[in-house]
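**Student:** just the structure for this:
(chains A and B)
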Amino acid sequence: MSLRIGIDIGSTTVKVVVLDEGNQLLFRSYERHYSKARERAAETLRSIEEKLRGQQVRIAITGSAGLGVAKAAGIDFVQEVYATAAAVNTFIPDTDAVIELGGEDAKIIFFGGALEERMNGSCAGGTGAFIDQMATLMNVTVDELDALSMKHEKIYPIASRCGVFAKSDIQPILNQGGRKEDVAASIFQAVVDQTVAGLTQGRELKGKIVFLGGPLHFIAGLRQRFVETLKLDEEHAIFPEDGDCFAGIGAALCATDFDECSFDDMLERLEKSVDSVGLVDTMEPLFSSQADYDAFLARHNAMHPPEVDIHTYSGDAWLGIDAGSTTTKMALITADGGLLYTYYQSNLGNPVAVVLDQMRKIYPLCGDRITIKGAAVTGYGEDLIKNAFNCDAGLVETVAHYKAAAHFNPDVDFIIDIGGQDMKCFKIRNGAVDSIMLNEACSSGCGSFIETFAKALGYNIADFSKLGLLAKHPVNLGSRCTVFMNSSVKQAQKDGASVEDISAGLSISIVKNAVYKVIRAASADDLGQHIVVQGGTFHNDAVLRAFELELGRNVTRPTISGIMGAFGAALFARDLHLDKSAILPEAALATFSHTAKPTTCNLCTNHCSLTVNTFDGGRRFISGNRCSRPLGKPKAENPDLMVYKYKKLRALEGKGSGTGVRGKMGIPFGLNMYENLPFWFTFFTHLNFEVVLSPESSRKLYLKGQHTIPSDTVCYPAKLLHGHVEALVEAGVDAIWYPCMSYNNDEGIGDNHYNCPVVAYYPELLAANVPLLKQTKFLNPYVGLWRHKDFGKRISKLLGEEFNIPRREVESAVKAAYAAYEAYVHDIRETGKLYIEYARANHMPIIVACGRPYHIDPEINHGINDLITSFGFVLVTEDALSYLEGYAPRKVLNQWTFQSRMYNAARYVCTQPDMQVVQLVSFGCGTDAITTDELRDILESGGKLYTQLKIDDISNLGAVRIRVRSLMAAMDARQARQ
Amino acid sequence: MAELVYDKTGRLLFTKEMKEEYTILFPTMLPVHFGLIAKIFQMEGYKLEMLTTNHRNIVDEGLKYVHNDTCYPALLVIGQLIDAVKSGKYDPHKVALLITQTGGGCRASNYIHLLRKALVKAGLEYIPVISLNLSGLEHNPGFKLDLSSLRKAVFALVYGDIIVQCANQVRPYEVNPGQTERTIKRMEGFLLGQMKRGRGLNFKSMVKHFDHIVAAFKAVPVHGEPKVRVGVVGEIYIKYSPLGNNNLEQFLLDEGAEPVVPGLTDFIIFKIYNREVDVDIYGGKWAKKAACGAFRHYVEKCEQAMVDAMKRGGFRAPGTFSDLRRLIQGYLGEGNKMGEGWLLTAEMLELIHSGTPNIVCTQPFGCLPNHIVGKGMIRKLKDDYPNSNIVAIDYDPGATKINQENRIKLMLANARGLAKQEAERQQKEQAGEAVHA
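**Tutor:** As a prediction, the model looks like this:
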């Protein structure tokens, strides 16, 4: 038998192994390929040529990026999960499961019984690439990240679904002073959760588990998180010595079945294939010539503010600080906007230290000549910096950017800012911010994404983006969220695209994301005539050029585009017209100290992760809170219909007016039960059941049911149901009532009255996927409530069969249930009226939260309602208003009851000057892809602002805060205009 | 030039003059079925053209004019139509767009509205959009489905199914490359010729035509060992349309597999049957139920005839609608009707039962019904049928072919592994029997 070679070409690395007849490992290597996979593999083989020259060998290629190489070189290909399974079967035969993490793949293989393999879907979250991205974000190497994680004290919840979501979770923690050690461990925990949640899909991970792949091989902190989470002891957690190249070993084993060939022939074929280039989808170059580029530069460099020499100037000055997500920007200006001092740097995860450092530089430069008359802060770190340095004012980013842009171009009608993590765009109409578009988490992280990618390919960001400027054939990478771009890039690399073309392609993709995903523009005219671009990402000439080409018009990029937020904040400080700034004087900086301590608030069930920042002189700042209670102030108690409804529904358990003799009927407190519970509670208590509600939703409850979720991309409200039904079984109920409902109530305001498919049929999914439900009577029949008589007949039959209840009794319960539901609906409407009257009597603005009934669940909305009322709003919900408008034809098929309510509520809001709409959208909600556009149309054509808050399993109130504050600023501006 | 006429809700109508002047464009889903329908409409005097375009700009146009979180088929269908309108091949003032509308609680029933929104956004709001549906939605004076054309359309679908079903069983084994495709073309020509003469449109002659079609495919010379069979189920557009599923069938063929794609007839019956089920579950007019029942029985009769003809001709015949209804018991209720509803799971069951346990379950990324009836049922199927080998593949503008193909390859590797195990087991059994003997 001959030697066998296995080559595993992954997304970031190449692994080569050689096995002898006795399955002994003769050679192994593990190397990064920096997108030159074929070359790397060939070089490695060349390096061991001496040992193998002239021999007959068997060879197989495996790995996610190996297919193209195998095809081009005419070498057999083995799918990598299959290869891994072969290796494990051979070397660790009594394994129960394998967890393998790669650069962009995550896999679980279950042995025992039927072999089952799972791979992550089209999402690359929770893999090596994700860890790389996170390390870049924290400005450490992966090794340092690992070391940090070993010293953690607490774990923060971080969205594990994809890197971009995680970024939006990590950034606020860092900005608000969270410890890097804790964040590092939390990142690894997120990977564990992603793997367990995404891939087990109902099958338990137990017994002897083998961990494979590069990240698990090299990162001890990650191993620790897995072992702790899965509660494994040493015997059951196996980390093989060659765990980083098991797939390669498996390929070599599989090669046994393939034909022999001569090593020299094979190597020659592989090397020759290096030059073969596949078909790449390409686009026009950004610049056709250097001269073209020079003209472009000259045009943009003309836009700059006056520069004033800080060493000679004497007079007043104003300071603006933009504590952004990844960078800190500062500007010190004179009364006419002249720049005395500017600063733009990565904040290295600690904005306080950066600002302190800069302040210590600025004061000596000012000397006695310059007096700082005001200081304002904007950006993610606004609160922290404002408290740390006693700044005079804080303002929301959108306002800061508008102030700056208007300084350069008073006619500006559209501003787009792409920063490290956010995109902000807004229109200016009649001198005020008119409509604000922030990126949803799915396409955020654009600036830092290029940076991560540059690093992955071995470049720094500046060099990398320059490469693209004169690229001949930019690769078309599509316009999806950045994490998916990873795969597109991988494909382009496979097809032989050059780094130059990829660089240009990435710049173009980011622009497409901005234009088509965030702004959702069909043409340049949708944006405006006078477009000002800013933010660090537009520093990148390739991005700017791509933007101009995409829009087909020239735009304005001030030379200080990177510090426009800070510049705007400084202008804002100037316009405060203060006599004296409260900012810490030079002397105070000498004794400045700052410590950040993480803690958990236990004042309510939200259990916010707080960070307590303590500064010298007893200044304290607490971040991470949703309400003012941990700050020692009483919670604002403005009328809030979400709270009212929630309390009212939650009270619907127990025996009611009945005896409860028929046993305990469990009802999961989720999805449409938030609408139908008043009905079912009365119905069952009337029949002498005791109604048992599942516990209030919580992250813990979600994690409890997480392992049985079959579809990772379904919305969070649905995912929560798994925990709810498990909790009911454990509570020992006699039966669980959770009917399937294709149709909702017919309120006469739509073209039909459906539920969405997930709400309608989730009970069937639970029945098929939650094994625990076999221990109880899980009743999930099809029912429809809108035909009262028909419902009565059918439910009588059903309950007769299931519980032997006489028809007469059921029919009377049905009557009572309809009456109870009517009363509930009436009560909500009346209470809404009262709240609106209260608001008007006290001159408070009203926010109408448009969502689904289940969005009142605090675990789903993460306390957004508290945040809104804390800003001085009265909050009512869509169902309190929707009845005030009748049916009207819509431009979309208006066929879902809950959604119809939102359209009607929005139409009503358009008639009320003191109301604004905030739409709550759950990630993964397919129907909202339709409702969001329609709702925006209704509101904008009614002269209202449109604000959308996207919510997921992780609370990131930072982004919500920006939106709500931007909305408030826009409302103020409108009022001022009138 | 035809005047633009609107109905009282403000919808632009397709008028009788337009029928004379306008070219009606419609997107492809099933090339054979839709091609037949297009020809039938042409015979009725419509200038109808099925779009067979397949290039990147379709996706780009879709991204531009459709909310990006909307399902991928909407993006593709609308992108394909707008791409065609803008291509310069047609006078935009002399085209109308035709799109199917299923109705139901899934997002898909919104496609036509999204198309109209997209047209407004693209400044093409003067282009009329025609809804093709069986629910009596949206009438147009210039586009009427009378009973005879409806019947022809139903016939075209059943004919399409039998042609595709037979072709799929021959194509992977054909001795002369391309002969299967040529046979398909020949059969299309034959059927249209017959229809033109008013033949093939009653039950009796349909059965005769079935036999003719089956015989034509049986006559295609084949060779080689049986290949691994791979079933394809899923959201209807992604399942069938090569544009939507990155040429999945061709990929499977290239990988040495035989694709098994359940036909469209069951879906039509399913949609009719849902109306009957609704009356049972929720109440309603018995007359409506009876009418639907009669229609369903007729289509089921056609399906049964197709199954019989395939069996007579020596082909592996698909299960009938009543087989599917039987199989779904214990999995999903018949009230599960949005999107492909219970039919999708039933098709997987039918494939498993008929010796095709290897299945690709296709869906657009984030497809709502498929959370339940696709991915949501795989666990239970695996528990009940340990040999089932199902891979769920998501399609969207950002998903790359390489990731999808890699997952399908894993499924194929498993399929081959399972086949090998099964062969070894059988060998052992035979050896055991030999010893006993």
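
**Student:** which pLDDT value belongs to A:Gly568?
**Tutor:** With respect to pLDDT, A:Gly568 has a value of 94.

**Student:** what's around A:Val183, how many residues?
**Tutor:** 26 (other Cβ atoms under 10 Å in any protein chain shown). All C-beta atoms are positioned from the backbone trio N, CA, C, and that covers glycine.

**Student:** contacts for stretch A:61-72 next, please.
**Tutor:** The contact list for stretch A:61-72 (Cβ atoms under 8 Å, 6 or more residues apart in numbering or on different chains) reads A:6-11, A:15, A:37-38, A:41, A:73, A:75-80, A:83, A:102-105, A:247-248, A:250-251, A:254, A:270, A:273, A:276, A:278, A:490, A:493-495, B:402-403, B:405-406, B:409.

**Student:** so what does B:Val233 have for phi and psi?
**Tutor:** phi -130, psi 180 (degrees, to the nearest 10).

**Student:** just the helices in the stretch 751-900 of chain A please.
**Tutor:** A:757-769, A:788-803, A:807-841, A:858-861, A:864-870, A:897-909 (DSSP state H, counting those that start in this stretch).

**Student:** and A:Lys329, which of the ones you listed is closest to it?
**Tutor:** helix A:864-870 (26.1 Å; Cβ to Cβ).

**Student:** how far off centre is that closest one?
**Tutor:** Chain-centre distance of helix A:864-870: 21 Å, with Cα atoms, centre = their mean, to the nearest Å.

**Student:** is A:Gly468 in a helix, a strand, or coil?
**Tutor:** helix (DSSP: H, G, I helix; E, B strand; the rest coil).

**Student:** that one: neighbour count?
**Tutor:** A:Gly468, neighbours per other Cβ under 10 Å, totals 29.

**Student:** over to the one 3 residues further on?
**Tutor:** Taking other Cβ under 10 Å as the criterion, the count of residues near A:Ala471 is 24.

**Student:** tell me the secondary structure for A:Glu117?
**Tutor:** Applying three-state DSSP: A:Glu117 is strand.

**Student:** show me what it is bridged to.
**Tutor:** Beta-bridge partners of A:Glu117, counted by DSSP bridges, are A:Ile109.

**Student:** so what's it up against?
**Tutor:** Taking Cβ under 8 Å, 6+ apart as the test, what A:Glu117 contacts is A:81-82, A:85, A:107-110, B:410, B:414.

**Student:** output those as JSON lines; include the columns distance to A:Glu153 and pLDDT.
**Tutor:** Compiled in JSON lines, those are given as follows (distance: Cβ to Cβ, whole Å; pLDDT from 0 to 100):
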{"residue": "A:Val81", "distance to A:Glu153": "37", "pLDDT": "85"}
{"residue": "A:Tyr82", "distance to A:Glu153": "42", "pLDDT": "86"}
{"residue": "A:Ala85", "distance to A:Glu153": "39", "pLDDT": "88"}
{"residue": "A:Lys107", "distance to A:Glu153": "32", "pLDDT": "84"}
{"residue": "A:Ile108", "distance to A:Glu153": "30", "pLDDT": "87"}
{"residue": "A:Ile109", "distance to A:Glu153": "35", "pLDDT": "86"}
{"residue": "A:Phe110", "distance to A:Glu153": "35", "pLDDT": "85"}
{"residue": "B:Leu410", "distance to A:Glu153": "41", "pLDDT": "84"}
{"residue": "B:Asn414", "distance to A:Glu153": "44", "pLDDT": "85"}
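
**Student:** now the buried members of these.
**Tutor:** Neighbour counting by 16 or more other Cβ atoms under 10 Å in any protein chain shown classes A:81-82, A:85, A:107-110, B:410, B:414 among those as buried.

**Student:** I'd like these as TSV, with distance to A:Asn672 appended.
**Tutor:** Shown next, in TSV, are the buried ones among the contacts of A:Glu117 (distance: Cβ to Cβ, whole Å):
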residue	distance to A:Asn672
A:Val81	38
A:Tyr82	42
A:Ala85	42
A:Lys107	36
A:Ile108	33
A:Ile109	38
A:Phe110	34
B:Leu410	37
B:Asn414	38
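
**Student:** closest one of those to A:Arg840?
**Tutor:** A:Ile108 (57.4 Å).

**Student:** the closest one against A:Thr195, yeah?
**Tutor:** Yes. Between A:Ile108 and A:Thr195 a contact is recorded at 7.1 Å, counting by Cβ atoms under 8 Å.

**Student:** okay, and the common contacts of those two?
**Tutor:** A:Ile99.

**Student:** on that earlier part again, so which of the helices of the stretch 751-900 of chain A is the most packed in?
**Tutor:** helix A:757-769 (a mean of 27; mean count of other Cβ atoms under 10 Å in any protein chain shown).

**Student:** same question for it, mean pLDDT?
**Tutor:** Across helix A:757-769, the average pLDDT comes to 96.

**Student:** which ones among the contacts of stretch A:61-72 are found in helices?
**Tutor:** A:37-38, A:41, A:73, A:80, A:83, A:247-248, A:250-251, A:254, A:270, A:273, A:490, A:493-494, B:402-403, B:405-406, B:409 (DSSP state H).

**Student:** out of the helices of the stretch 751-900 of chain A, which comes closest to chain B?
**Tutor:** helix A:788-803 (2.8 Å; Cβ to the nearest Cβ).

**Student:** not counting the closest one itself, show me its contacts.
**Tutor:** By Cβ under 8 Å, 6+ apart, helix A:788-803 touches A:662, A:687, A:735, A:777, A:779, A:781, A:783-785, A:805-807, A:810-811, A:814, A:818, B:281-284.

**Student:** burial count for the residue in the stretch 201-350 of chain B positioned nearest to chain A?
**Tutor:** Here the residue of the stretch 201-350 of chain B nearest chain A is B:Gly283; by Cβ to the nearest Cβ that distance is 2.8 Å. Residues lying near B:Gly283 (other Cβ under 10 Å) number 18.

**Student:** show me the shaky parts of the stretch 51-200 of chain B.
**Tutor:** Applying pLDDT under 70 to the stretch 51-200 of chain B picks out residues B:103.

**Student:** near chain A, which residues of it are found?
**Tutor:** By Cβ under 8 Å from any Cβ of the partner chain, the residues of the stretch 51-200 of chain B that approach chain A are B:56, B:59, B:63-65, B:67-71, B:104-107, B:109-110, B:112-114, B:116-117, B:121-122.

**Student:** go again using 7 Å as the cut-off
**Tutor:** B:56, B:63-65, B:67-71, B:105-107, B:109-110, B:113, B:117, B:121-122 (Cβ under 7 Å from any Cβ of the partner chain).

**Student:** filter these down to the buried ones, PyMOL style.
**Tutor:** If you want just the buried ones from these in PyMOL, going by 16+ other Cβ under 10 Å, the selection is:
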select buried, chain B and resi 63+64+65+67+68+69+70+71+105+106+107+109+110+113+117+121+122
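
**Student:** ranges for the helices of the stretch 251-400 of chain A?
**Tutor:** A:263-273, A:290-301, A:351-366, A:382-389, A:397-408.

**Student:** of those helices, which is nearest chain B?
**Tutor:** Comparing those by Cβ to the nearest Cβ, helix A:263-273 comes nearest, at 16.8 Å.

**Student:** okay, that closest one in CSV with CA atoms only?
**Tutor:** C-alpha atoms of helix A:263-273 as CSV (Å, rounded to 0.1, in the frame of the first residue of the first chain):
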residue,chain,number,x,y,z
PHE,A,263,3.6,12.2,-6.7
ASP,A,264,5.6,14.1,-9.3
ASP,A,265,2.7,14.1,-11.8
MET,A,266,0.2,15.1,-9.2
LEU,A,267,2.4,18.0,-8.0
GLU,A,268,2.9,19.2,-11.5
ARG,A,269,-0.9,19.1,-12.1
LEU,A,270,-1.5,21.1,-8.9
GLU,A,271,1.1,23.7,-9.7
LYS,A,272,-0.1,24.1,-13.3
SER,A,273,-3.6,24.6,-12.0
